[in-house]
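**Student:** coordinates for the following, if possible.
(2 chains)
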Amino acid sequence: MDPIKSIPAAEQQHMLFLFMPLKKKTSPAIVSQALSSLQTEIKNITDPRAATGVHFFMFYHLLDGQAPQPGLPVTSFQTMPGKDLLVVQSLYDADFAPYISSFVTNPVIAWGLNQIVNAMDETGIFPASDPTSAISIKANGGVAENPDAFNCLLMRYNFADPTIPASAKVPADTNYKYTLGVTFPGLTVGKVLQNYPDAPDLWPFPPADITYEQSTPPTPC
Amino acid sequence: MSTYLNDVADPTAPPLQLNDIQGLILRGYNFDYIRYLVLTIDNTNLPGAQSFLSALLPGSGSPLNITSAAPWPNEVKPSYCLNIGITSFGFKMLIDKDDYTTVKNGSFPLFNLYDGGAALNADAIGDKEDSAPAKWWKRSKGWKLPADPKLDGSDLHIQLSIYTQSDKERESCYNTLLGMIPLKDNVPALALAFSKDSNPLLTGQNYIHFGYKDSFSQPRLSKVPWNTKSQRMLLGVSTVDDRPIVPPYNFVITPKYFDGKATVPNYRAHPLILNGSFAAFRLLYQDVKAFNTFINKTAGVSPELVAAKMCGRWFDGTPLVVSPEGPDPKLKDFDYTNFNYLNHTENQQGVKQNDALGALCPYAAHIRRTNPRDDNMVTGNQDNLDGTPNYAESRRIMRRAGAYGPDYKEDECPDTQRGLVGLFICANLASQFQFIMQNWIIRNSFRQPDASRNSSGFDPLFGPPNDSIQAYNEFDYLDANSKPSQYKKIDGLERFIRTDGSLYLFLPGIAALKKLSEGKIA
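**Tutor:** Modelled structure (predicted):
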């Protein structure tokens, strides 16, 4: 078997890296409910994992005025005064638009995404009258009814480039604004489910309850 | 008596304003002789261009008028049909810049692709390398202007299509049409930039150069009067039609309304664009020699079978999922479109076998990837909220295209130009035309799961732009003769369809055309 020498766009991994302004004092429950809709609350639907192609995601809700590492003067992600911040990071398969489309066309996931849109506060950032604003999307029926607007909204706060592929070695002679590495380029979620022995049994959908042993932090310095 | 879908579908949808909608959006004319024209507006004679558009309006008293969707009296075809499309560059010339911005902003997201035009968005649909905009128009030998085409397409403003039943009538209409263009200092207000004729091939009506019979599975629209059961019976058209209904708002730009489940459509429309539509005008060269070489290259496999696996139909149009062993001459009428891939339709003929594995019709086959029907594992074709199949409802395209150029001969001049030319009509160019091209035709992995070794590669009828992506260089299909069934791999897939020209058009309603001819938006 020859090594993989070319990877079509639909099998590449890309990064999503959102910094989304939320209303001040947004309840953490809003974010956690939205997360639930993305994962465990999905029942009675076909396994969406291959279609959505999510390898991992992180949701980080930062309250107004908080710092991720208080006491450390290094500037990291920070809230806009008067707003909370939701940081979302994900590694996903294929192009951005069909990736997002696979979420908004799922009613349960769309419900969760609408919770996020409803919690957003773009005051002073983006005009509410624009059809791609969070307020416009909410007023016009939510993400499922406004898929193109939702794409625009996400891309507005996406600090990643949806055309930079995750690669196993740093590509030479590129102007990429960051380096995105992955151990198995081209190994999509769909391929894992299809080719890893017993994958659907080992990692069923919806997910089984898993006990995680306590991991050990490094020795305090 | 069973309920006829067209008679009951979309009860809350606003009635179609047929007199205001261009005819080609809602009905196929089925005329054999078509001429596609692209015109450039003389920017020193805008009033002349506006006067020409005004003369084209129905009821203007001119010798030729734009054909609306109003039913033909007694369903007798007129002697000609004429339709018009306007590029964004033409649109911007016809109205004030601020007015254009108003229309654009009031019509999100419908102007997103249209605004920049086909050349700007070429990469996204695979129009690169030999199909890149820099190579468009002149190569096909239809370019008429002394100057070279502009790279961004900004010199192309108006597209007209003349439909007639004979070559003689077409020539007559064409001469009449050109005679209607006002002159200033002996210079026409609109110059002919490009022209291409579509004629029936010797193979037969509705055949394309690769040898397939075409134009089978157009979207079945609700709300059009000639689709009611009584009208179809009067016209002698079969009513055994299993095709799902597609709401007209996917083709005719419609104000929002509640359809009983949700507010539709999911776009906004400035009043000017209501009853209009958008379209991709495509000039697609077809390399018949390369295609024939490819389907004949595998020893022991008939070229007809390879061609059928590539398309999803045998050359005569018989669907593979209906008749996997060969063409079925007994099929008629909607037998060619009454089929699904997972659960057979009520009147489906033939084997009626669930083809979730792509054993009959490969996932890669052209008709399966351009219209996946009930295959809900295809990205962008997930089931509806109520669990019913989506049938790619929001992705469908109305195709109004036909063959150009002479029938292929082995000893012909190597520079002979032939292919497919016409319009691919939809309300939303991004979520319909571009989505299909970008996600289903030029990409693999459009369906999950897919056990083929190249995740179904590139649409084999189109073929990849180059050989840089290994997964695109081969065509794989499940071989029914191998036990257990294994993938048959045919290497050397190459580009068989090359883009030689492309425009994104707005097809205005009649009232909108009148407004544009006056330079107004309201």
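
**Student:** for the most centrally placed residue in chain A, give me its contacts.
**Tutor:** Geometric centre of chain A, nearest residue: A:S90, 4.1 Å, by Cα atoms, centre = their mean. Residues in contact with A:S90 (Cβ atoms under 8 Å, 6 or more residues apart in numbering or on different chains) are A:15-16, A:54-58. All C-beta atoms are positioned from the backbone trio N, CA, C, and that covers glycine.

**Student:** would you mind naming what in chain A lies close to chain B?
**Tutor:** Residues of chain A lying close to chain B (Cβ under 8 Å from any Cβ of the partner chain) are A:5-11, A:46, A:50-51, A:93-95, A:97-98, A:101-102, A:105-107, A:131-132, A:140-141, A:144-149, A:152, A:188, A:190, A:193-194.

**Student:** circling back: and of the contacts of A:S90, the nearest to chain B?
**Tutor:** Nearest to chain B, judged by Cβ to the nearest Cβ, of the contacts of A:S90 is A:V54 at 12.7 Å.

**Student:** how about the helices of chain B, start to end?
**Tutor:** Secondary structure of chain B (DSSP state H): helices at B:5-8, B:23-26, B:46-56, B:88-94, B:97-105, B:111-114, B:117-120, B:167-179, B:229-235, B:288-295, B:303-311, B:366-370, B:435, B:510-517.

**Student:** closest one to chain A among the ones you listed?
**Tutor:** With distances scored as Cβ to the nearest Cβ, the stretch of the helices of chain B nearest to chain A is helix B:111-114 (7.0 Å).

**Student:** gap between that closest one and the chain center?
**Tutor:** Relative to its chain's centre, helix B:111-114 lies at 17 Å (Cα atoms, centre = their mean, to the nearest Å).

**Student:** and that helix, anywhere near chain A?
**Tutor:** Yes: part of helix B:111-114 sits near chain A under the criterion Cβ under 8 Å from any Cβ, namely B:N112.

**Student:** show residues contacting that helix.
**Tutor:** Residues contacting helix B:111-114 (Cβ under 8 Å, 6+ apart): A:148, B:88, B:103-104, B:121, B:278, B:429-430, B:434, B:504-506.

**Student:** how much space separates the nearest residue to B:L516 once chain neighbours are set aside from B:G492?
**Tutor:** In this structure, B:L516 finds its nearest non-sequential neighbour in B:L94, 4.8 Å apart by Cβ to Cβ, 6 or more residues apart in numbering or on different chains. As judged by Cβ to Cβ, to the nearest Å, B:L94 and B:G492 stand 48 Å apart.

**Student:** between these two, tell me which one has more neighbours.
**Tutor:** Taking other Cβ atoms under 10 Å in any protein chain shown, B:L94 and B:G492 do not tie; B:L94 has more neighbours (25 against 14).

**Student:** ok, back up a step: which SS class is the residue nearest to the centre of chain A?
**Tutor:** Here A:S90 is recorded as strand under DSSP: H, G, I helix; E, B strand; the rest coil.

**Student:** confidence score at it?
**Tutor:** You'll see A:S90 listed with a pLDDT of 95.

**Student:** what do you get for B:F216?
**Tutor:** 88.

**Student:** just give the number of residues close to it.
**Tutor:** Under the neighbour criterion other Cβ under 10 Å, B:F216 is assigned a count of 14.

**Student:** quick check: the residue nearest to B:G326 when sequence neighbours are not counted vs chain A, distance?
**Tutor:** In this structure, B:G326 finds its nearest non-sequential neighbour in B:W314, 6.7 Å apart by Cβ to Cβ, 6+ apart. Separation of B:W314 from chain A (Cβ to the nearest Cβ, to the nearest Å): 29 Å.

**Student:** tell me the contacts of B:W314?
**Tutor:** If you count contacts by Cβ under 8 Å, 6+ apart, then B:W314 has B:304, B:307-308, B:320, B:323, B:326-327 around it.

**Student:** let's go with 10 Å and repeat that
**Tutor:** B:W314 makes contact with B:212-213, B:304-305, B:307-308, B:320, B:322-328 under the criterion Cβ atoms under 10 Å, 6 or more residues apart in numbering or on different chains.
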